[in-house]
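*Asks:* I'd like to go over a predicted model; first the sequence, then the structure.
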Amino acid sequence: MTADLTGVRLIQINKINEWVSARRLIVILLDLVGKIMIKKTFLTLLLISLFLAVPLIAKAYNYAGYRWGGSWPKVTVDYGGVAVTAWRTRIQNTMNDWNATGAKFTFKAGSSNNDVSVYYANDSTLAYVQTTRKYVVTGDITRAIMKINSRHNFNPPYANGYDFSTVMRHEFGHWLKLDHSNPPSLMQPSFSPGTIRYVDSDMRSAIRSIYGVQ
Amino acid sequence: MTKQRQIIRLSIIVIGSAVLFFGGRELYYLRSIERYPLMIEMDEQTLQKEADLIIRGTVETPIGTTRYIDTTGELTVATRWQVNVVESLKGDSSESIVVRTLGGRYGLTELWVEDEAAFVSGESVLLYLDRDVDSTEYRVAGMFQGHFIVDDDKLTQQETGKEQSLNDVKAGIQIDKNL
């Protein structure tokens, strides 16, 4: 059976289990795509442009363009190696801050290779998040880590130091694949001592947009 | 279907399959790592204080990339750049130095670092540089914060567009020296 669809011939396959030559199928698909693109050039170009522009659309946040896989990712964070008790408490609290956004994403504590650890380096980095992914079709994240540079004075315990909770909220924002934004923002690229930022409405909108709403 | 169209279609299939096979194979095994550092905010005074070396010069070509385990215990890729020094505003410098920026590709490992100083060969720069103990190579202090494009007296921080005057920076460094 054949049917015309706005001038494009579409061959209907009646029996799913019927063997179809791979070459014939690829030729048919290429022919179909080619005819659609010729007849609907403008539409095709518009769709391609929109697809490419989606990650670049400027909002009050910047999205890296890829995320944790699954319809509701539940990512286990291992911060058991962080020796400072007050820091572990704040890490859990900031995970809860992001969990409370109403997005289909959950941080949970446990043993995992997605770990948070402390290091010392004589440089101007407060902390960093690093994500790893394989460049397959989905490009999903396979692992995320967070490193905290103990060279710098954090609050606690230093009252005039960099607010530890703000730094953690920022870093978990990267964990969720938010890029840096212009200040003032939780996701601004640098902080001075005493700067405090929260997961605000822009951040909530961002995560809901990326992962969907519960 | 004419013979010509058959040949064209077959060619598309063959070329497309080859691209998918070889490109996809490399892409599948390519390990992509993205790093997102949060920096301390560094104004001009902080940059001057933290920098071991402040130079005006020209970025030449990248020397190459290197892969190593860094002080955080993580696999890191860095790109090494030759920078020709026109003028040293703080610290002693040779005519040519090596500056290392995080990021680059080494084999099947690719590291991208957000907000690292992005060098362009041939650009005229003012750089605030520091270095690790026992290292002969420099890095840009505060990443993007210590990287300025020079255009006569105007300095522009590439990432933010923040502008300064070169003469004001020199005057500030001189005041520091005199204190």
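*Replies:* Sure, I can see it.

*Asks:* where does chain A come near chain B, residue by residue?
*Replies:* Residues of chain A found near chain B (C-beta under 8 Å from any C-beta of the partner chain) are A:23, A:26-27, A:30-31, A:64, A:119-136, A:139, A:145, A:147, A:152, A:162, A:167, A:170-171, A:174, A:179-180, A:189-192, A:195. Heads up, the C-betas are built off the backbone N, CA and C, glycines and all.

*Asks:* Among these, name the buried ones.
*Replies:* A:26-27, A:31, A:64, A:119, A:123-135, A:145, A:147, A:152, A:162, A:167, A:170-171, A:174, A:179-180, A:189-191, A:195 (16 or more other C-beta atoms under 10 Å in any protein chain shown).

*Asks:* For residue 145, which residues are in contact?
*Replies:* No chain in the question, so chain A it is. A:114-117, A:129-130, B:74 (C-beta atoms under 8 Å, 6 or more residues apart in numbering or on different chains).

*Asks:* Sorry, I should have been clearer: chain B.
*Replies:* Neighbours of residue B:145 in contact, by C-beta under 8 Å, 6+ apart: A:124, A:190, B:39, B:41-42, B:47, B:128, B:157, B:159.

*Asks:* In strands only, show me those residues.
*Replies:* Counting by DSSP state E, the contacts of residue B:145 place A:190, B:39, B:128, B:157 in strands.

*Asks:* need those residues in CSV with distance to residue A:98 and pLDDT, can you?
*Replies:* As requested, the ones in strands among the contacts of residue B:145 are arranged in CSV below (distance: C-beta to C-beta, whole Å; pLDDT from 0 to 100):
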residue, distance to residue A:98, pLDDT
A:190, 21, 95
B:39, 22, 96
B:128, 34, 96
B:157, 31, 93
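
*Asks:* can you tell me which two in the residues you listed are farthest apart?
*Replies:* A:190 and B:128 (14.1 Å; C-beta to C-beta).

*Asks:* before we move on, the earlier item: which one of the contacts of residue B:145 is nearest to residue B:62?
*Replies:* residue B:159 (19.2 Å).

*Asks:* Can you tell me how far the closest one is from chain A?
*Replies:* 8 Å (C-beta to the nearest C-beta, to the nearest Å).

*Asks:* Kindly confirm whether my reading is correct that that residue touches residue B:116.
*Replies:* No. Counting by C-beta atoms under 8 Å, residue B:159 does not reach residue B:116; the two are 9.5 Å apart.

*Asks:* Can you work out which residues contact both of those two?
*Replies:* By C-beta under 8 Å, 6+ apart, the residues touching both residue B:159 and residue B:116 are residue B:144.

*Asks:* which SS state does the closest residue to residue B:87 other than its chain neighbours fall under?
*Replies:* Distances taken as C-beta to C-beta, 6 or more residues apart in numbering or on different chains place residue B:56 nearest to residue B:87, at 4.4 Å, with adjacent residues excluded. Under DSSP: H, G, I helix; E, B strand; the rest coil, residue B:56 falls in the strand class.
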